[in-house]
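J.: What follows is a predicted structure for the sequence shown.
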Amino acid sequence: MSKPLVLILCTGNSCRSHLAEAILRRAVGGLVDVASAGSKPAGYVHPMAIEVLKEIGLDASAHRSKHLSEFLNVPVTSVVTVCGNADQACPVFPGQLNRYHWGFKDPAHATGTPEEIREEFRRVRDEIRLVFEAYAAGLKEASARAK
């Protein structure tokens, strides 16, 4: 039997959803499968997202930007949208039991010096980390109670 799939959606699938995917994947420790996609994928993962994940020991260099249609025929247990546009464009997936919306500011729109932009990516990464590590703790607790 396959593990439940948590799908994280954002519009461009270039920053926030990849930050959340990498952080949640590590935090759940294999309890669920984790993927991300976008309603209008940018076609790339933002290099700064990869960089700030590397700072916390996560390698997202193999991640790719995907369209949510890749998951329309896949059983998705939970959908988490991390931006308002994706929340509004989110379809219902086969097997979907849960839907959550936790919006975060898009660091790709940050302006300023390279270091100021990097700091915005770090700030958003840390916000996402706080929320998704708490979500993972809840998943682990529920799994332990179900045994």
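T.: Received, thanks. Not measured: the values here are computed from a predicted model.

J.: what's the following helix or strand after the helix or strand hosting Lys54?
T.: Assigned by DSSP states H and E, Lys54 belongs to helix 47-55. Using DSSP H and E, the helix or strand that follows helix 47-55 in sequence is strand 78-81.

J.: which helices and strands sit right next to that next one?
T.: Judged by 3 or more C-beta pairs under 8 Å, 6 or more residues apart in numbering; DSSP states H and E, the packing partners of strand 78-81 are strand 5-10, strand 98-101. All C-beta atoms are positioned from the backbone trio N, CA, C, and that covers glycine.

J.: Provide the strand pairings for it, with the direction of each partner.
T.: strand 5-10 (parallel), strand 98-101 (parallel) (DSSP bridges).

J.: Off-centre distance for it?
T.: 9 Å (C-alpha atoms, centre = their mean, to the nearest Å).

J.: Now do the buried residues in the helix holding Lys54.
T.: Buried residues in helix 47-55, counting neighbours by 16 or more other C-beta atoms under 10 Å, are found at Met48, Ala49, Ile50, Val52, Leu53.

J.: Going by contacts, tell me the helices and strands next to that helix.
T.: Partner elements for helix 47-55 (3+ C-beta pairs under 8 Å, 6+ apart): helix 16-28, helix 114-146.

J.: centre of the chain versus the next helix-or-strand element following the shortest one, how much separation?
T.: Scanning the chain past helix 16-28 towards its C-terminal end, the next helix or strand to appear is strand 33-38 (assignment: DSSP H and E). Centroid separation for strand 33-38 versus its chain: 6 Å, with C-alpha atoms, centre = their mean.

J.: Tell me where the model's unsure across the protein.
T.: Confidence mapping of the chain against pLDDT under 70 gives the ranges 1, 86-90, 94.

J.: winner for burial among the helices and strands packed on strand 78-81?
T.: Per residue and on average, the most neighbours among the helices and strands packed on strand 78-81 fall to strand 5-10, with a mean of 28 (mean count of other C-beta atoms under 10 Å).

J.: on that earlier part again, tabulate the strands paired with strand 78-81 (CSV), appending distance to Ser36.
T.: Shown next, in CSV, are those (distance: least, C-beta to C-beta, whole Å):
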stretch, distance to Ser36
strand 5-10, 4
strand 98-101, 14
